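A.B. asks: Quick one: sequence and predicted model below, then my questions.
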Amino acid sequence: WGSEEEAAPRELRPRALALAEVRGQLGELEAALGLAREACSAGEPDRLDCIALRRIAWVAMEGGDLEEAEERYRDALSRTEALLGPDHPDLAEARGELGALLVEQNRWGEAAEELQVALALAVRLLGERHPLVGVIRSNLAAALEGLEELPRARAELVESLSIGEERLPPGHRSLWLRHR
């Protein structure tokens, strides 16, 4: 996990993660990466470590290093499942993020498979109308479009937008579709 030199004090780790996300969204990838690394603990791994690993993967993806991003996402997924078990919302989110990366790599079949698993888990744990379910459906729509399964892709996209419009405030970043 983290080293003693890099790790933020335990009480500041959630703030470091939140700042990593904001700095990443502003395009400040180096700052985001540093903050995500600070959020990793130097002690026993915990849930925040798993989230920090996913932020590090996201920064790699945004920086164009898709191979590194995939390695980090798979590591985060494995650690999340080992730490939190197979029935945790973080696992659905981790699978959804890996699926989104596979969409970015045009690996449609693998992406659709990962996203369908993420979707089933998210629906079971969070319910049909949860915002995470909407995000996963949007990414699944992109994978299905890549597979030329257009009626299914359209249905997933329509459902994703419906959830987003119902559950999220206007202008929320999850409503900014990167759909082709």
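C.D. replies: Perfect, thanks for sending it.
A.B. asks: where does the residue nearest the centre of the chain sit relative to residue 9, distance-wise?
C.D. replies: The centre of the chain sits closest to residue 97, judged by C-alpha atoms, centre = their mean, with a distance of 3.1 Å. Separation of residue 97 from residue 9 (C-beta to C-beta, to the nearest Å): 27 Å. (Glycine included, C-beta is placed from N, CA and C.)
A.B. asks: Equivalent analysis for residue 43, please.
C.D. replies: For residue 43 relative to residue 9 (C-beta to C-beta), the value is 12 Å.
A.B. asks: Between the two, which is the more surrounded one?
C.D. replies: When residue 43 and residue 9 are compared for neighbours, residue 43 comes out ahead with 11 against 8, by other C-beta atoms under 10 Å.
A.B. asks: What does the pLDDT read for the more buried one?
C.D. replies: What the model reports as pLDDT for residue 43 is 72.
A.B. asks: Residue 76 now?
C.D. replies: 93.
A.B. asks: Spatially nearest residue to it (excluding sequence neighbours)?
C.D. replies: Distances taken as C-beta to C-beta, 6 or more residues apart in numbering place residue 53 nearest to residue 76, at 3.8 Å, with adjacent residues excluded.
A.B. asks: Which pLDDT value does the model give the one you found?
C.D. replies: At residue 53, pLDDT is 91.
A.B. asks: Residue 105 is in contact with residue 66, isn't it?
C.D. replies: Yes: between residue 105 and residue 66 there is a contact under C-beta atoms under 8 Å: 5.6 Å.
A.B. asks: Would you map the helices across this protein?
C.D. replies: 13-25, 29-39, 47-62, 66-84, 89-104, 108-126, 131-146, 150-167 (DSSP state H).
A.B. asks: For the second one, could you pull out the residues that count as buried?
C.D. replies: If you call a residue buried by 16 or more other C-beta atoms under 10 Å, then helix 29-39 has these buried ones: 29, 31-39.
A.B. asks: Flag the shaky bits of this protein, pLDDT-wise.
C.D. replies: For the chain, the stretches with pLDDT under 70 are 1-8, 42, 173-180.
A.B. asks: gap between residue 11 and residue 118?
C.D. replies: Distance of residue 11 to residue 118, given as C-beta to C-beta: 31 Å.
A.B. asks: Of the two, which one has the most company?
C.D. replies: Set side by side, residue 11 and residue 118 show more neighbours around residue 118, with 28 against 7, by other C-beta under 10 Å.
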